[in-house]
Every structure is written in structure tokens, then in C-alpha cells.
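[1] coords please:
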Amino acid sequence: MNLKPQKRMAAEILKCGKNRVYFDPYLIEDISLAITREDIRNLIKQGIIQKKYKQGISNQRKKVNHERKRKGRGRGLGKRKGTKHARSPKKKKWIKRIRPIRRELKKLRDRKQITAANYRKLYKNAKGGMFTSVAQLNRFIKEKELIRRGR
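    Just a heads-up that it's a prediction; the model follows:
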């Protein structure tokens, strides 16, 4: 039984490709009797001829790989393309380090816990790379007894 003309007409009516047209396998005889476009439209209304869903693209592989990367997998030497400093630039590292230190210094100065002169000296020291973290800055201030006691 040749259903090529029916398939072609159904594809045109459903506005899709021939591969997406689905014929009910149990009612092939009814489909073969459909000669006109009107007959095909009636079969579509009855649900004997249907349009298949478009095939999507699965995101599963992407999700799995993303989850593995979150856990730290697949980040070894073999996966690296750029140099160490191309992957995380020195400047970004510096910014991450200096901003919290400067924020802490401003906080101490505004609360009048250190003098303006000490603030300036510590600021310059921080700029020179003397402190690697806020904790180190606070240790240094404590050691040198730069914190004012009573206001």
C-alpha cells in the first residue's frame, strides 16, 4: 500500500516535514482511502494522522559535566589551555586581596580606633604588599599597639 501522496499532503497541511507525520498503524486502510486534502484534514481532526514532536537537544551531558566541574573534576593539567596568570590574572588576585584590607583600614579610621597618620602609614604599607590578608593586618596593628584604647 503506497501512502506517499497522503503523507505529502498531511505534511503540507500540518506545516511540517514528511518525517514528522505519524499515521496510526491500526487505521492504515482509512488513510489509504483518503484522496483529497479535505479527507486528510478530517483524519487529522479525528487524530488518525498526527504531527510528531520535534526532537530536542538533551542537556543531560552538559548538566553532568557542570556538576563534576563544581566538584573540582576535569580541572587538571591536561585540561588547561592558558597559563596560570591567564586563567586567574595577577591583577584580579591583587584586587581581591587589597580591597578588604583597605575596607578594614577605613573602618578602623572612621571608628577612631587608629589615627589618621597611622591610617596613612598602614595604607601605604598595604599598597606595598606588606599584608596578605585582613587577619595579618589586624595582627600587625595589635603587635605594634596602634589601636587607641580609650576615646
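
[2] flag the shaky bits of this protein, pLDDT-wise.
    By pLDDT under 70, the weakly predicted segments of the chain are 150-151.

[3] rerun that using 90 as the cut-off
    1, 55, 148-151 (pLDDT under 90).

[4] as a quick check, tell me the outermost residue of it.
    Leu33 (53.2 Å; CA atoms, centre = their mean).

[5] the protein - how does it break down into domains?
    Each domain of the chain is listed here as a residue range: 4-51, 88-143, per automatic domain parsing.

[6] so which of the ones you listed comes closest to Gly78?
    Distances from Gly78 to each of the domains of the chain were compared using CB to CB; the shortest belongs to domain 88-143, at 18.3 Å. All C-beta spots, glycine's among them, are computed from the backbone N, C-alpha and C.

[7] the closest one: how far from the chain's middle?
    Domain 88-143 has its C-alpha centroid displaced from the chain centroid by 34 Å (CA atoms, centre = their mean, to the nearest Å).

[8] picking that back up, so can I have a markdown table of the domains of the chain showing distance to Gly82?
    Output for the domains of the chain, formatted as a markdown table (distance: least, CB to CB, whole Å):
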| stretch | distance to Gly82 |
| --- | --- |
| domain 4-51 | 44 |
| domain 88-143 | 9 |
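
[9] wait, which of these is closest to Lys69?
    Shortest separation from Lys69 across the domains of the chain is recorded for domain 88-143, at 15.5 Å, computed as CB to CB.
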